[in-house]
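**Q** just need the structure, nothing else, for what follows:
(2 chains)
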Amino acid sequence: MTALLTVTNLSRRFGGVHALRRVCLDVAPGETHAVIGPNGAGKSTLFRLIGGQLTASAGGIVYDGQRIDRLPPHRRARLGIAIAFQDAPVFRGMTVAENAMVGAHAVTRAGPLAAVLRLPRHRREEKEIRTAAAAALDRAGLAAWADRPAEDLPLGRQRALQMARALCGRPRLLLLDEPASGLRGPERTALAGLIEELRAEGLSILLVEHDVGFVSRLADRVTVLDLGRVLATGPFPEIRTDPVVISAYLGAPA
Amino acid sequence: MAELVGYLITGVGVGCAYALLGSGLVVIHRVTRVVNFAQGGFAVLAALTVTTLLTAGLPHGLAESLAVLLATGIGLLTGMVAIGRPGTTPQAALIITLGLGVLAYAVEIFLWGDQPRSFPGLPGSTAVLGARVQTHYLLIIGVTAVILGATALLFARTDRGRALTATADDPYAARIVGIDVARMGLLAFALGGALGGLAGVLVTPVQQVSFDSDVVLVVNGFSAAILGNLTRPGLTLAGGLLLGVVQALVGGYLSTAYQTEVALIFMLGVLILRSSSARVEEVTA
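**A** Predicted coordinates:
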């Protein structure tokens, strides 16, 4: 099966510092692929290169058979790549429902003229957006918060809203940037549950995460980064016993 | 009493023009962080264009609509020049808009000369609570209500509107959800052009314009917008109406010679009061 996302020899320098060196990685359709590694391993850099917030010094990114590494972030989003968490804060000045509806912008087609003239096409699309947003909020457990300002949400609910917003764009590839960071207990379990559900539905997910426990539960494959290089790629049980990974990052198995 | 009602209505009418102009400033500032000093120019350009189109024999309504359309296009062009190059800071863009405003003077003097011009609005007068006011003032108020209402709907109920709001809220996150932030900036400038042009077209029959009327208009529109911190449309409308009414009252009961000055000083007072009460809230919070 051809991969949905293929990253080839991706490198990024900041001045003289190599944040990423010739990183290769792919995400198969329906796969949940996790990238782990200590702070400074290059996880965030990799993530931003794929999302388009940074451009690569060398190497390429192919998504769905198309080179995307020179496209601006919004074009990548419109191709079906959605981002949630760290780098994608909620719109604090908008309501929870509006936040979710903005997520649908990635798939809207009716132009401003259709909106101004209130053409049937615009009305139909607006109705679809409302329905999709309500469904996404419901799914993320936020239905009761729909009309509240997004800035009122506690951290765990903000994460849920980011997921709902991403889902409204009907993505094919979901990029999750440290979903578990700062969350504990029930919030964490709820978020992991939602990600598991999406995975079961066949959504492709690339997840960058510090927390090994969280990753072991969700990922089909794991790529370990250290100092900008790939140490190993494989299913978690294999990675867990890889001597190189153990000495560099995981520590001895308990 | 009739006199007071008359002043109030004419004040609200002129205030509507300030509110429209100020709303244009707010839309542009929220989405792009640029204070657009060419905003008054949109109004003047549209107004002068109407005088030419009417002279050429175009009917009312069509002439005004075409002029507003032209202002919309000029707004878009202003945006392209001011923020078209990626990485232009809002401060640099502000200076560019100021420069474009001066350039507009040259073009306007070349085309229309330097004498004030006007054109007839809605004819006749109407009795309101015993006061007779020019019917055109009621037209200004009605059109402004409809247009500002429609603008509010555009922002609240359409995908483009939400994309504009999201860009205003957080451009970085907006890009991530698939919004073309640069295009939203241009759309905001076009909207600003339309609102500015409309202000000029509406107010000219009751207040003639010349090439440099943009200063008075933009200063008033800006003060209205500042009441809402350049971000809040509702307060901008309130600010515009307040300015218009105070000017009409000063003009009516004291002297028209310094109505603008008094109104602006009044606005300064409101702002000082507001910021000191905000500080008190901060301290007690």
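
**Q** okay, buried residues for the host helix or strand of B:Val270 please.
**A** B:Val270 is located in helix B:259-284, with elements delineated by DSSP states H and E. Buried positions in helix B:259-284, judged by neighbour count with 16 or more other C-beta atoms under 10 Å in any protein chain shown: B:Gln259, B:Thr260, B:Val262, B:Ala263, B:Leu264, B:Phe266, B:Met267, B:Val270. From N, CA and C alone the C-beta is placed, and that goes for glycine too.

**Q** can you check stretch B:247-263 too?
**A** So stretch B:247-263, judged by 16+ other C-beta under 10 Å, has buried residues B:Gln247, B:Ala248, B:Leu249, B:Val250, B:Gly251, B:Gly252, B:Gln259, B:Thr260, B:Val262, B:Ala263.

**Q** what do you get for stretch A:66-80?
**A** Neighbour-count burial for stretch A:66-80, counted by 16+ other C-beta under 10 Å, picks out A:Ile68, A:Asp69, A:Leu71, A:Pro73, A:His74, A:Arg76, A:Ala77, A:Arg78, A:Leu79, A:Gly80.

**Q** then stretch A:119-138?
**A** Those would be A:His122, A:Glu125, A:Glu126, A:Ile129, A:Ala132, A:Ala133, A:Ala134, A:Ala136, A:Leu137, for stretch A:119-138 by 16+ other C-beta under 10 Å.

**Q** isn't B:Gly185 up against B:His29?
**A** No: between B:Gly185 and B:His29 there is no contact under C-beta atoms under 8 Å: 11.0 Å.

**Q** for the stretch 101-250 of chain A, which segments are assigned as helices?
**A** With helices called from DSSP state H, counting those that start in this stretch, the stretch 101-250 of chain A shows them at A:112-116, A:120-139, A:155-168, A:185-200, A:212-218, A:236-241, A:243-245.

**Q** on contacts alone, who are the packing partners of the third one?
**A** Under the contact definition 3 or more C-beta pairs under 8 Å, 6 or more residues apart in numbering or on different chains; DSSP states H and E, helix A:155-168 sits against strand A:81-85, helix A:96-103, helix A:120-139, helix A:185-200.

**Q** what would the ones you listed look like in JSON lines with distance to chain B and mean pLDDT?
**A** Shown next, in JSON lines, are the helices and strands packed on helix A:155-168 (distance: least, C-beta to the nearest C-beta, whole Å; pLDDT from 0 to 100):
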{"stretch": "strand A:81-85", "distance to chain B": "5", "mean pLDDT": "89"}
{"stretch": "helix A:96-103", "distance to chain B": "5", "mean pLDDT": "95"}
{"stretch": "helix A:120-139", "distance to chain B": "7", "mean pLDDT": "90"}
{"stretch": "helix A:185-200", "distance to chain B": "17", "mean pLDDT": "89"}
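
**Q** list the buried residues in stretch A:223-234.
**A** Using 16+ other C-beta under 10 Å as the burial criterion, the residues of stretch A:223-234 that qualify are A:Thr223, A:Val224, A:Leu225, A:Asp226, A:Gly228, A:Val230, A:Leu231, A:Ala232, A:Thr233.

**Q** regarding it, how distant is the last residue from the first?
**A** Using C-alpha to C-alpha, to the nearest Å, one end of stretch A:223-234 lies 7 Å from the other.

**Q** quick one: distance of that stretch to the chain centre.
**A** With C-alpha atoms, centre = their mean, to the nearest Å as the basis, stretch A:223-234 stands 19 Å off its chain's centre.

**Q** show residues contacting that stretch.
**A** Stretch A:223-234 has contacts (C-beta atoms under 8 Å, 6 or more residues apart in numbering or on different chains) with A:18-25, A:33-38, A:40-43, A:45-46, A:221-222, A:238-239, A:242, A:244-245, A:248-249.

**Q** separate out the buried members of those residues.
**A** A:18-21, A:23, A:25, A:33-37, A:41-43, A:45-46, A:221-222, A:239, A:242, A:245, A:248-249.

**Q** which of those fall within strands?
**A** A:His18, A:Ala19, A:Leu20, A:Arg21, A:Val23, A:Leu25, A:His33, A:Ala34, A:Val35, A:Ile36, A:Arg221, A:Val222 (DSSP state E).

**Q** what's near enough to touch B:Ser213?
**A** B:Gly40, B:Ala43, B:Val44, B:Ala47, B:Pro116.

**Q** PyMOL command for the buried members of those residues?
**A** Applying 16+ other C-beta under 10 Å to the contacts of B:Ser213, the buried members can be selected in PyMOL as follows:
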select buried, chain B and resi 40+43+44+47
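
**Q** so which of the contacts of B:Ser213 reach chain A?
**A** Among these, no residue sits close to chain A (C-beta under 8 Å from any C-beta of the partner chain).

**Q** any idea which of the contacts of B:Ser213 is closest to B:Glu64?
**A** Using C-beta to C-beta, the shortest approach to B:Glu64 within the contacts of B:Ser213 belongs to B:Ala47, at 9.5 Å.

**Q** average model confidence for the host helix or strand of the closest one?
**A** Assessed by DSSP H and E, B:Ala47 sits inside helix B:39-55. What helix B:39-55 shows for mean pLDDT is 95.

**Q** circling back: looking at B:Gly185 and B:His29, which is more packed in?
**A** More crowded of B:Gly185 and B:His29, by other C-beta atoms under 10 Å in any protein chain shown: B:Gly185, with 25 against 22.

**Q** pLDDT below threshold where in the chain?
**A** With no chain named, the answer covers chain A. Chain A contains residues with pLDDT under 70 at A:1, A:110-118, A:250-254.

**Q** hmm, no, I was thinking of chain B.
**A** B:278-285.

**Q** which residues in it form strands?
**A** Per DSSP E, chain B carries strands over the ranges B:125-128, B:131-134.

**Q** which of those sits most buried?
**A** Using mean count of other C-beta atoms under 10 Å in any protein chain shown, the stretch among the strands of chain B with the largest mean neighbour count is strand B:131-134, at a mean of 18.

**Q** write out the residues of chain A neighbouring chain B.
**A** Within chain A, the positions near chain B by C-beta under 8 Å from any C-beta are A:51-53, A:72-74, A:77-78, A:82-83, A:87-94, A:98, A:101-106, A:108, A:110-112, A:115-116, A:122, A:125-126, A:129, A:165-166, A:169.

**Q** farthest pair within the buried residues of stretch B:247-263?
**A** B:Gly252 and B:Thr260 (14.1 Å).

**Q** mind listing residues that contact stretch A:26-38?
**A** With C-beta under 8 Å, 6+ apart, stretch A:26-38 has contacts from A:1, A:3-7, A:25, A:43, A:46-47, A:173, A:195, A:199, A:202-210, A:212, A:215, A:218-226, A:231, A:249.

**Q** tell me the gap between that stretch and the middle of its chain.
**A** Distance, stretch centre to chain centre, for stretch A:26-38: 11 Å (C-alpha atoms, centre = their mean).

**Q** and the residue of the stretch 51-200 of chain B that's closest to chain A?
**A** When distances are taken as C-beta to the nearest C-beta, the stretch 51-200 of chain B reaches nearest to chain A at B:Gly178, 3.2 Å away.
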